[in-house]
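Participant: Show me the folded form of this:
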Amino acid sequence: MNETANKEVTPSLLRYICPDNWSDQKKEANPIDAEEIVKAINDGKEVEIINAVIKGPFILKSVNVESEVLIQRTKIRGPLDWSYATFKRVLNLENSIFETDATFKAVTVEKDIFLDNVTFLGIAAFSDITVMGIFYSRSATYKKQSVFTEGNFKKRIELNKSKFEGKADFGSARIGSNAMFAEAEFKEGGSFNGAQIEGSAFFNPATFEGEANFGSARIGSTAVFTGAEFKEGGSFNGAQIEGSAFFNPATFGDEANFGSARIGSTAVFTGAEFKEKASFNRTQI
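Facilitator: Residues are numbered from 1 along each chain as shown. This next block holds a predicted model:
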């Protein structure tokens, strides 16, 4: 970036803030090199990037990040791979666009992570991530596959109003408190097979255009699917819901399978619509 008036570099800080009146063309003509940001992070500097364009591979594999990283309203043009990195402070990527694949495999975030209003145009890989604080990804868009398998979220996750346009896989994820998916949209379905949610799960309402799989999932408190729509059916085979389950109403466009499910309190299906087969074999309420 050659607009030096928008750049601040000190022994403890790297800051780029592009003015709001800059056009997309001007930001594209004055990109930030990802290598410069990586070097600043490796030097222990706090990073603040706002309303910019980052070019080049953004590689932070196996790095201990001691300072806060804030990248907002920014296009990240090259592939991002932060696998096995550890972020000691808050990680804030709100309102940014990842134009290629973004890999957060086995990342550890010791505070909160903010991904509100983020757009992932490529694959978003969060497998085996550990978040000690809260995982915020409200109103985000995942254009391709999103992978959260084996993720360990010590506190709650918030993905209200997010859109998953590819397959969303939360298989065997562990969530220490509530899982919040109010008004979320799953265009190719979602898998929560074997997920462990210690608190309540909120999918009120959520839309699953592909198959929804909650097989063998455990929800430690209430499961709220009020107003949810399962266009290709839903499987809760072997699921354990320790509190009440609310499907009042819910719509199942294809087979609904609650075989061997266990609900620890009230099960409410008032107004629910089953357009195909519904199975409750060996269900315990």
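Participant: And the spatially closest residue to residue 105 that is not a sequence neighbour, how far from residue 282?
Facilitator: Residue nearest to residue 105 in three dimensions, not counting chain neighbours: residue 83, with 4.3 Å by C-beta to C-beta, 6 or more residues apart in numbering. All C-beta spots, glycine's among them, are computed from the backbone N, C-alpha and C. Note on residue 83: its distance to residue 282, by C-beta to C-beta, to the nearest Å, is 42 Å.
Participant: more neighbours, the two?
Facilitator: residue 83 (19 against 12; other C-beta atoms under 10 Å).
Participant: residues making contact with the helix or strand containing residue 47?
Facilitator: Secondary structure assignment for residue 47, by DSSP states H and E: strand 46-50. Residues from elsewhere that reach strand 46-50 (C-beta atoms under 8 Å, 6 or more residues apart in numbering): 12-18, 32, 37, 40-41, 67-74.
Participant: Distance from it to the middle of the chain?
Facilitator: Computed by C-alpha atoms, centre = their mean, to the nearest Å, the chain-centroid distance of strand 46-50 equals 22 Å.
Participant: Next: stretch 50-60.
Facilitator: How far stretch 50-60 lies from its chain's middle: 20 Å, per C-alpha atoms, centre = their mean.
Participant: Wait, the residue nearest to residue 105 touches residue 103, no?
Facilitator: Yes: assessed by C-beta atoms under 8 Å, residue 83 is found in contact with residue 103 at 5.6 Å.
Participant: Counting neighbours, what do you get for residue 154?
Facilitator: The number of residues near residue 154, taken as other C-beta under 10 Å, comes to 17.
Participant: And the pLDDT at it?
Facilitator: pLDDT, residue 154: 97.
Participant: any idea what residue 25 is structurally, helix, strand or coil?
Facilitator: helix (DSSP: H, G, I helix; E, B strand; the rest coil).
Participant: mind listing what the residue nearest to residue 81 when sequence neighbours are not counted touches?
Facilitator: Spatial nearest neighbour of residue 81, excluding adjacent residues (C-beta to C-beta, 6+ apart): residue 103 at 4.5 Å. By C-beta under 8 Å, 6+ apart, the contact set of residue 103 is 79, 80, 81, 82, 83, 123, 125.
Participant: and if we set it to 7 Å?
Facilitator: By C-beta atoms under 7 Å, 6 or more residues apart in numbering, the contact list for residue 103 reads 80, 81, 82, 83, 125.
Participant: can you pick the most crowded of the residues you listed?
Facilitator: residue 80 (25 neighbours).
Participant: isn't it right up against residue 98?
Facilitator: Yes: at 6.2 Å, residue 80 and residue 98 qualify as touching, with contact defined as C-beta atoms under 7 Å.
Participant: Please, where are all the helices along the chain?
Facilitator: 24-29, 34-42 (DSSP state H).
Participant: list the buried ones in the longest one?
Facilitator: This points to helix 34-42. Neighbour-count burial for helix 34-42 flags 34, 36, 37, 38, 40, 41 (criterion: 16 or more other C-beta atoms under 10 Å).
Participant: Now do it against strand 46-50, angle only.
Facilitator: 140 degrees (axes from the mean of the first three to the mean of the last three C-alpha atoms, to 10 degrees).
Participant: before we move on, the earlier item: for the contacts of residue 103, give me a markdown table that also has pLDDT and distance to residue 165.
Facilitator: Output for the contacts of residue 103, formatted as a markdown table (pLDDT from 0 to 100; distance: C-beta to C-beta, whole Å):
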| residue | pLDDT | distance to residue 165 |
| --- | --- | --- |
| 80 | 98 | 19 |
| 81 | 98 | 22 |
| 82 | 98 | 23 |
| 83 | 98 | 24 |
| 125 | 98 | 16 |
